[in-house]
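K.L.:
Need coordinates for the following:
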Amino acid sequence: MDDSRIIKTEYSEEMQKSFIDYAMSVIIARALPDIRDGLKPVQRRTLYDMYELGIRYDRPYRKSARIVGDTMGKYHPHGDSSIYDSLVVMTQDFKKSMPLVDGHGNFGNIEGDGAAAMRYTEARLQKVTQEAFLGDLDKDVVDFVPNFDETEKEPSVLPVKIPNFLVNGSEGIAVGMTTSTPPHNLGEVIDAMKAYMRDETITTAGLMRYLKGPDFPTGGIVTNKDELLPIYETGVGKIKIRGRVEFEKAKGGRTNVIITEIPYTMIGMNISKFLSDVAGLVETKKTQDVVDISNQSSKEGIRIVIELRKDADAENFVNLLYKKTRLEDTFGVNMLAISEGRPETMGLKAILKANVDFQFQIATRKYTNLLAKEMERKEVQEGLIKACNVIDLIIEILRGSKDRAMAKACLVEGKTAGIKFKSKESKIMAAQLAFTEKQANAILEMRLYKLIGLEIEALIKEHEDTMANIYRYEDILERRDSMAQVIINELDSYKKAYSRRRRTSIENAEEAVYKEKEVEEMEIVFLMDRFGYAKTIDMAAYERNKEAAEAENKYIFTCINTGKVCLFTSTGQLHTIKVMDIPFGKFRDKGVPIDNISNYNSEKEDIIYITNQTELNLRQIIFVTAQSMCKLVNGGEFDVSKRTVAATKLAEGDSVVSVMPLLEQSNIVLQTKEGYFLKFPIGEIPEKKKAAVGVRGMKLGEKDMVENVYYTQNAVESAIEYKGRTILLNHLKTGSRDGRGTKK
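P.N.:
Prediction:
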């Protein structure tokens, strides 16, 4: 053996150096996201590969195996499982606040079931990813670096237009350090970023007026609101989160505890761990209140039902769950990312600063490149316009030249030697020509149709547009305020297109303890005016102001203060509101909009009928839709725990016209838009389940629809005003259901 090839070194030094090299490789190239685009290398490479393969949001899905194989072969020389796992996570809306990949097939679920093998699933980019993450890649706004074998180029960072590091959060374990950033609400993050751009001296507390705190895809409740400020100042801390719990009355006077939202940390196998922990509480006799526990979760959402004994204290039981299970948990925050090539733990303001600086960098490169292209265009356009003014001379030069080089030399340098001219004047004028290289090439390649008058006008208009673009781009590049406004406009467009309402509530612990004060049950009066403002008052106040109440309010009925109000809408939804959530006060109090205390949306649906839950349980309810579908439903079917459920099934394009309890009515009268009236006995309407469509009440013309529904009682005169005439409903001929009716 040749001793000269043996390198002698201290073992400890070699181990130290090698381990540091390995650690830095894991930190920089694998485990931590870049603060600028919020992506780890495997995520960035996967998205870029999908972009390169043309798997756009508006194109067909492609097999995940194709994406994984291509990414591994071109950009990410590691195991296929790491790439596919990354792709799967980017599709999961329960892990990512804003999924970046649109998955087709089984990509796992919130309960911990894994995705199907990559040969079965398909994927494509989400629209937001294509627009906000990859949209400007063709404008040379980021640096491209060689891939692992230097056969391809890949972006060192994606030109992401939103603070993705905050929006989607991140989790990663490197060597000697970990990153753990909670997801946030896109709209709030954008508002905070805009606030920082308007005032760079703003404090973290000022930023948190816009960004309230984390917004987990699984919802839940953050219970330490007052401790969030130091967490966002330092980038390190602990966020306490709870699942959301509702109580549901069951048969026999029992109470069911319904968990409708879980802590973010409970995603996956921790749901089954929670179920076993509750069973463990029973086995260890920490509680004897549990009768049964079942996981009824589905695509509609989380629903874990715990049935309690009849005399159980549900509030205390829930407190036990918070204390002994992961229904209350801690999310450790460590906002660590790669910033300027090195790992750094950053607070909210530093994160926003890094993102704003990055936006200005990519905007500067983008508009510098766009300006350069417009300047080239301007040069060529000015040459063509000038050429059109002396086109006869140019044609003479072209006809008199022996080759292209001779003609080009004349156009650029005014060389006339060897060119045959018709006159000395032409030769003198040709010698004065001084087009640029690009202009000369454009003239030589110009087609004859460009000499048409309209084409010349179009060229001049194009030149004006180019000059306007140059002025705009120069303004953006020269004035920071102009560039800032461009960035803000883009942020606003993404907020408008992709933001959603906050899912996670942010409260203080004392507010989140579910200990409701014992309320003495009593009968009160619900009032709602025509503007949708609702309130409750006591019976005595109502009796004193009965006349005014009836004149000023659209809906009036009595209810129990511990009960619920049920609101049926035109979209077939039932929204329930706890009476306790409706302001109780004086008769002249304004009340609150019904939208604010329920899921009802006045911009998308109309209120058809409101009543109290107790009254509903005692009746059959008549439904009639615009397409004349009718049915009776037992009111007990609407005794639900959810705030919103489907009250009826509607065909496409249909809407609910009437919801009415069955009291003493004997006949129903359907009136259509085109003036047809059909009266038939209510007994002909069958009872159906709330999930049924119903039966047809009357035959309608092609464009006709039911507009109004009336009811009559035997021996009681009922009259309506219709097109200036009085119609006695009792005198209408009684027909049969599914008839055509008579026109009035």
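K.L.:
which residues sit against stretch 109-124?
P.N.:
For stretch 109-124, contacts defined as CB atoms under 8 Å, 6 or more residues apart in numbering pick out 50, 55-57, 59-65, 67-68, 80, 84, 87-88, 91, 94, 101-108, 218, 262, 267-272, 295, 297, 302. Placement of C-beta: from N, CA and C, glycine included.
K.L.:
Buried ones only from these, please, as a PyMOL command.
P.N.:
Restricted to buried positions by 16 or more other CB atoms under 10 Å, the PyMOL selection for the contacts of stretch 109-124 reads:
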select buried, resi 50+55+56+62+63+64+65+67+68+84+87+88+91+94+101+102+103+105+107+108+218+262+267+268+270+271+297+302
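K.L.:
Out of the contacts of stretch 109-124, name the ones that lie in helices.
P.N.:
50, 64, 65, 67, 68, 80, 84, 87, 88, 270, 271, 272 (DSSP state H).
K.L.:
What separation do you get for the first one and residue 142?
P.N.:
I take that to be residue 50. Separation of residue 50 from residue 142 (CB to CB, to the nearest Å) stands at 17 Å.
K.L.:
again, but for the fourth one
P.N.:
In this structure, residue 67 lies at 21 Å from residue 142, with CB to CB as the measure.
K.L.:
Check the third one too.
P.N.:
Going from residue 65 to residue 142 by CB to CB gives 28 Å.
K.L.:
tell me, how many neighbours does the residue lying closest to residue 699 once chain neighbours are set aside end up with?
P.N.:
In space, and not counting its chain neighbours, residue 699 is closest to residue 740: 4.9 Å by CB to CB, 6 or more residues apart in numbering. Burial of residue 740 is recorded as 13 neighbouring residues (other CB atoms under 10 Å).
K.L.:
residue contacts, residue 740?
P.N.:
Residues in contact with residue 740, defined by CB under 8 Å, 6+ apart, are 676, 678, 698, 699.
K.L.:
got the phi/psi numbers for it?
P.N.:
With angles defined as degrees, to the nearest 10, residue 740 sits at phi -90, psi -30.
K.L.:
count of neighbours near residue 216?
P.N.:
29.
K.L.:
actually residue 292, not the one I typed
P.N.:
9.
K.L.:
That one falls within a strand, correct?
P.N.:
Yes: using DSSP: H, G, I helix; E, B strand; the rest coil, the secondary structure at residue 292 is a strand.
K.L.:
which regions of the stretch 51-200 of the chain lie under the pLDDT threshold?
P.N.:
174-176 (pLDDT under 70).
K.L.:
still on that earlier bit, pLDDT wise, what is the residue nearest to residue 699 at?
P.N.:
Listed pLDDT for residue 740 reads 88.
K.L.:
hmm, back to that, ChimeraX command for the buried members of the contacts of residue 740?
P.N.:
Here is the ChimeraX command that selects only those of those that count as buried (16+ other CB under 10 Å):
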select :676,678,698
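K.L.:
From the contacts of residue 740, pick the one nearest residue 721.
P.N.:
residue 676 (17.2 Å; CB to CB).
K.L.:
I'd like the distance from the closest one to residue 410, if you could.
P.N.:
For residue 676, the distance to residue 410 - CB to CB - is 85 Å.
K.L.:
still on that earlier bit, export the ones in helices among the contacts of stretch 109-124 as TSV, with columns for distance to residue 496.
P.N.:
Shown next, in TSV, are the ones in helices among the contacts of stretch 109-124 (distance: CB to CB, whole Å):
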residue	distance to residue 496
50	25
64	31
65	36
67	30
68	34
80	38
84	34
87	28
88	29
270	36
271	35
272	40
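K.L.:
just curious, which of these is nearest to residue 231?
P.N.:
residue 270 (22.7 Å).
K.L.:
Nearest residue to that closest one in space, please, no chain neighbours.
P.N.:
residue 326 (5.8 Å).
K.L.:
The one you found and residue 266 touch, don't they?
P.N.:
Yes: Residue 326 is in contact with residue 266 according to CB atoms under 8 Å; the separation is 5.4 Å.
K.L.:
between those two, what contacts are shared?
P.N.:
What both residue 326 and residue 266 touch, as defined by CB under 8 Å, 6+ apart, is the set residue 274.
K.L.:
ok, those two, which is more surrounded?
P.N.:
Between residue 326 and residue 266, residue 266 has the larger neighbour count (other CB under 10 Å), namely 25 against 19.
K.L.:
Enumerate every residue touching the more buried one.
P.N.:
With CB under 8 Å, 6+ apart, residue 266 has these contacts: 218, 243, 274, 326, 327, 329.
K.L.:
can I get the residues you listed in TSV with pLDDT?
P.N.:
Shown next, in TSV, are the contacts of residue 266 (pLDDT from 0 to 100):
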residue	pLDDT
218	92
243	91
274	89
326	89
327	91
329	91
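K.L.:
Point out the ones among those residues that are inside strands.
P.N.:
Assignment to strands by DSSP state E places the following of these there: residue 329.
K.L.:
Please save the CA atoms from the helix or strand hosting residue 179 in CSV.
P.N.:
Using DSSP states H and E, the element containing residue 179 is strand 178-181. Extracted C-alpha coordinates of strand 178-181, given in CSV (Å, rounded to 0.1, in the frame of the first residue of the first chain):
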residue,chain,number,x,y,z
THR,A,178,-37.0,21.6,15.4
THR,A,179,-39.5,23.9,13.7
SER,A,180,-43.1,24.2,14.7
THR,A,181,-45.3,27.0,13.3
